[in-house]
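>>> task: produce atomic coordinates for the following.
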Amino acid sequence: MALTAERVDRLLHLVSTAQDDRLDCDGCFWRLAALADVQLSDQGSPDALAAVEAHLQSCAWCADEYQALLVALKAVENVY
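Model prediction:
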């Protein structure tokens, strides 16, 4: 497999955008409630939740779980 200029560019892009603080799905799951609380109260997301937001952008399963949590919390909020 030859290293073409395109492959080198892609590799450099991946290396330059790598994040050490990436969460796995379990770590993200335990922080979803905190992110939902912040977003539902119309507060800006603190830097501590940036890793959760980044994970949600790259993981469809966690993003679906988060959206379901938001729907449930909004429904409960409307009842009370």
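>>> only C-alpha atoms for contact and neighbour calcs from this point on.
Will do.
>>> if I look at Asp64, how far off is Tyr80?
Distance of Asp64 to Tyr80, computed by C-alpha to C-alpha, to the nearest Å: 25 Å.
>>> between those two, who's got more neighbours?
Neighbour count, other C-alpha atoms under 10 Å: between Asp64 and Tyr80, Asp64 has more, with 12 against 5.
>>> can you pull out the low-pLDDT segments for the chain?
Applying pLDDT under 70 to the chain picks out residues 1, 13-21.
>>> what segments of it are helices?
Along the chain, counting by DSSP state H, helices occupy 5-16, 25-29, 32-40, 50-58, 60-79.
>>> skipping its backbone neighbours, what lies nearest Leu56 in space?
Spatial nearest neighbour of Leu56, excluding adjacent residues (C-alpha to C-alpha, 6 or more residues apart in numbering): Ala63 at 4.9 Å.
>>> so that neighbour sits against Val52, correct?
No: the criterion here is C-alpha atoms under 8 Å, and Ala63 misses it with Val52 at 9.9 Å.
>>> so between these two, which is more surrounded?
Neighbours were counted for Ala63 and for Val52 using other C-alpha under 10 Å; Val52 has more, 25 against 19.
>>> show me the contacts for that one.
Leu23, Cys28, Arg31, Leu32, Leu35 (C-alpha atoms under 8 Å, 6 or more residues apart in numbering).
>>> do I have it right that the second one meets Cys62?
In other words, Cys28. Yes: taking C-alpha under 8 Å as the definition, Cys28 is a contact partner of Cys62 at 7.5 Å.
>>> name the residues contacting each of these two.
With C-alpha under 8 Å, 6+ apart, Cys28 and Cys62 have common neighbours His55.
>>> more crowded one of the two?
Taking other C-alpha under 10 Å, Cys28 and Cys62 do not tie; Cys28 has more neighbours (23 against 20).
>>> now do that one against Leu3, distance only.
36 Å.
>>> before we move on, what about Ala33?
44 Å.
>>> ok, those two, which is more surrounded?
Of the pair Ala33 and Leu3, Ala33 is the one with more neighbours under other C-alpha under 10 Å, namely 15 against 9.
>>> what's around the closest residue in space to the more buried one that isn't next to it in sequence, how many residues?
Leaving out its chain neighbours, the residue that sits closest to Ala33 by C-alpha to C-alpha, 6+ apart is Leu69, at 7.8 Å. The number of residues packed near Leu69 is 15, by other C-alpha under 10 Å.
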